[in-house]
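Trainee: Sharing a model that was predicted from the sequence below.
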Amino acid sequence: MRTLIFSIVFITAVLTKSQAQDCLGMTFKSGMNFEMSTFSAKDKPTGKITYQVKDVHKDGGSTVMDIVAQFQDEKGNQRTPYTIHYTCTGNELVADLSGMMQAMQASTMKDAEMKLKSNKLVYPGKLSVGQKLSDGQMEAEMVSSGNTMMNMNMTMLNRQVESKAPVTTSAGTFDTYKITSDMNFESRVMGIPIRNSMRVISYRVDNQIFDIKSETYNKNGKLMGYTLLTKVN
């Protein structure tokens, strides 16, 4: 559960890696770094996730970014890094949800291979208050020695831009859009279902690839933890 929160409180003609690409008012280039810091509901630091853009290239009319994510807990212990992909089509930003699953795999099923069936969370190029966003979904299975060990399905439903609100972090002050959504998570281990539901509130701006802030609440409305964008380089 803790790994799930961190990963939530997570998201890509070939050019040279040093060449920058512009899309939706954002500039992407190899070597860019971002840091998301994670906190408990009581504001205690619980770790951080660093993201580094390793490659930016064109795929048809889209700009694709390959981003390496590295999680570190509050004691400085690092988990195995994993790669996620973001795609900017010129009209929307398509986020990669597989980072959450890869983080879980690294800590619980190290020898298993993750196979994605669906993986998509879309943000329009311009956000506006009252806007309804499309559902996000990711389906995956963990396979070991040819056998399926676990099936996982995550959906983000009822996504809506509710309001605008300023958010200040160590990375600066941002005039953000508040986006609410319901997240349902189901996994099946050896056919046995495990289900969980959460409420996610994220704060975004049009010209940043990652959320400025993201809060996760349990089904009873109790805050479980949150993340902040603390560094942009």
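Mentor: Received, thanks. Since the structure is predicted, the reported quantities are computational estimates derived from the model, not experimental observations. Numbering: from 1, shown residues only.
Trainee: ok, then the element right after the strand ranked longest in the chain?
Mentor: If you go by DSSP state E, the chain has its longest strand at strand 147-169. Using DSSP states H and E, the helix or strand that directly follows strand 147-169 along the chain is strand 172-189.
Trainee: elements contacting that next one?
Mentor: strand 147-169, strand 192-204 (3 or more Cβ pairs under 8 Å, 6 or more residues apart in numbering; DSSP states H and E). No exception for glycine: its C-beta is placed from N, CA and C like everyone else's.
Trainee: Looking at the ones you listed, spot the one closest to N119.
Mentor: strand 147-169 (9.6 Å; Cβ to Cβ).
Trainee: Against which helices or strands is that closest one packed?
Mentor: Judged by 3+ Cβ pairs under 8 Å, 6+ apart, strand 147-169 is in contact with helix 98-108, strand 136-144, strand 172-189, strand 192-204, strand 223-232.
Trainee: D175: what's it in contact with?
Mentor: 164, 166, 205 (Cβ atoms under 8 Å, 6 or more residues apart in numbering).
Trainee: Could you list the buried residues of stretch 195-205?
Mentor: Applying a neighbour-count criterion of 16 or more other Cβ atoms under 10 Å, the buried positions in stretch 195-205 are 198-205.
Trainee: how about the CA coordinates for it, as CSV?
Mentor: Output in CSV follows, covering the C-alpha atoms of stretch 195-205 (Å, rounded to 0.1, in the frame of the first residue of the first chain):
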residue,chain,number,x,y,z
ARG,A,195,-9.5,-4.5,-4.5
ASN,A,196,-9.0,-1.0,-3.3
SER,A,197,-10.5,2.4,-4.0
MET,A,198,-9.0,5.9,-3.5
ARG,A,199,-9.6,9.5,-4.2
VAL,A,200,-6.9,11.4,-5.9
ILE,A,201,-6.6,15.2,-6.1
SER,A,202,-3.9,16.6,-8.3
TYR,A,203,-2.8,20.2,-9.0
ARG,A,204,-1.4,20.8,-12.5
VAL,A,205,-0.3,23.6,-14.8
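Trainee: contacting residues around that stretch?
Mentor: Outside stretch 195-205, the residues that touch it by Cβ under 8 Å, 6+ apart are 1, 4, 8, 123, 127, 156, 165, 167, 174-186, 211-219, 221, 224.
Trainee: let's see it at 7 Å
Mentor: 8, 127, 165, 167, 174-186, 211-219, 221 (Cβ atoms under 7 Å, 6 or more residues apart in numbering).
Trainee: ok, back up a step: would JSON lines of the helices and strands packed on strand 172-189 with mean pLDDT and distance to L93 be doable?
Mentor: Listed next are the helices and strands packed on strand 172-189 as JSON lines, based on pLDDT from 0 to 100; distance: least, Cβ to Cβ, whole Å:
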{"stretch": "strand 147-169", "mean pLDDT": "91", "distance to L93": "14"}
{"stretch": "strand 192-204", "mean pLDDT": "93", "distance to L93": "10"}
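Trainee: Columns distance to K54 on top of the ones you listed, output as CSV?
Mentor: Below are those laid out as CSV (distance: least, Cβ to Cβ, whole Å):
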stretch, distance to K54
strand 147-169, 24
strand 192-204, 23
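Trainee: No more questions from me, cheers.
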